[in-house]
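Visitor: could you work out the structure for the sequence below:
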Amino acid sequence: MKIWIDADACPAVIKEIVFKASERLSVEVCLVANQELKIPKSSLISMVKVAKGFDVADAYIVTNLNANDMVITADVPLAALVVEKGALAINPRGELYNEGNISERLSVRNFMQSMRESGLIQGGGPAQFNPADKQRFASTFDKYLHILIKKDKK
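Guide: Sure thing, here's the model as predicted:
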């Protein structure tokens, strides 16, 4: 099993939680971004720099992930592809994307995007990341990471 991080927009505090868990539990982590990122020196943590472009990092992750992997992403279309492949997707605020909620999340995302593009609403985007988001992520991440580890050992 491997943890993939859609790293271009992932908060540093979330990456740190994942790095610590990687070392503690001996789980591989791969960050994918279109720019070079600093990562800890570890045989378990790697970084892939992809070309700049729309959804290039997403395509790399989807092409290379396995059903027993986890993806950390705030990108709802990427999460939909991850769920479709049978893997787990969690956003940095601790929300698990699954077959039961991904269609609704994708519909809301597409609706809001079309509203912004038509000029009916201005701005948008998520609220500022806060300590409660960090705690929610840590809890959800830990729960599902242990489930995947048990499943991987079978």
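Visitor: could you pull out the strands for the chain?
Guide: 2-6, 28-33, 45-49, 70-72, 88-90, 96-97 (DSSP state E).
Visitor: list the buried ones in the longest one?
Guide: Burial within strand 28-33, assessed by neighbour count using 16 or more other CB atoms under 10 Å, is assigned to 29-33. No exception for glycine: its C-beta is placed from N, CA and C like everyone else's.
Visitor: so what are the sheet partners of it and their directions?
Guide: strand 2-6 (parallel), strand 45-49 (parallel) (DSSP bridges).
Visitor: now swap in the fifth one and tell me
Guide: Strand 88-90 has the following strand partners under DSSP bridges: strand 70-72 (parallel), strand 96-97 (antiparallel).
Visitor: rank those strands by pLDDT, which is bottom?
Guide: If you rank the strands paired with strand 88-90 by mean pLDDT, strand 96-97 sits at the bottom with a mean of 94.
Visitor: please pull out the lowest mean pLDDT helix or strand from this structure.
Guide: One helix or strand of the chain scores below all others by mean pLDDT, DSSP states H and E: helix 102-117, with a mean of 69.
Visitor: and the closest residue to Val13 other than its chain neighbours, what's its pLDDT?
Guide: Nearest-residue entry for Val13: Lys134, 5.5 Å, with adjacent residues in sequence omitted and distances by CB to CB, 6 or more residues apart in numbering. Per-residue confidence (pLDDT) for Lys134: 96.
Visitor: in the protein, where is pLDDT below threshold?
Guide: Along the chain, segments meeting pLDDT under 70 span 107, 109-112, 115-116, 121-126, 154.
Visitor: any idea which helix is longest in it?
Guide: helix 131-153 (DSSP state H).
Visitor: distance of Val56 from Asp133?
Guide: 27 Å (CB to CB, to the nearest Å).
Visitor: the more surrounded of the two?
Guide: Remark: of Val56 and Asp133, Asp133 carries more neighbours, 20 against 14, as counted by other CB atoms under 10 Å.
Visitor: quick one: contacts for that one?
Guide: By CB atoms under 8 Å, 6 or more residues apart in numbering, the contact list for Asp133 reads 92-94.
Visitor: who wins on neighbours among these?
Guide: That'd be Pro92 among the contacts of Asp133, by other CB under 10 Å, with 24 neighbours.
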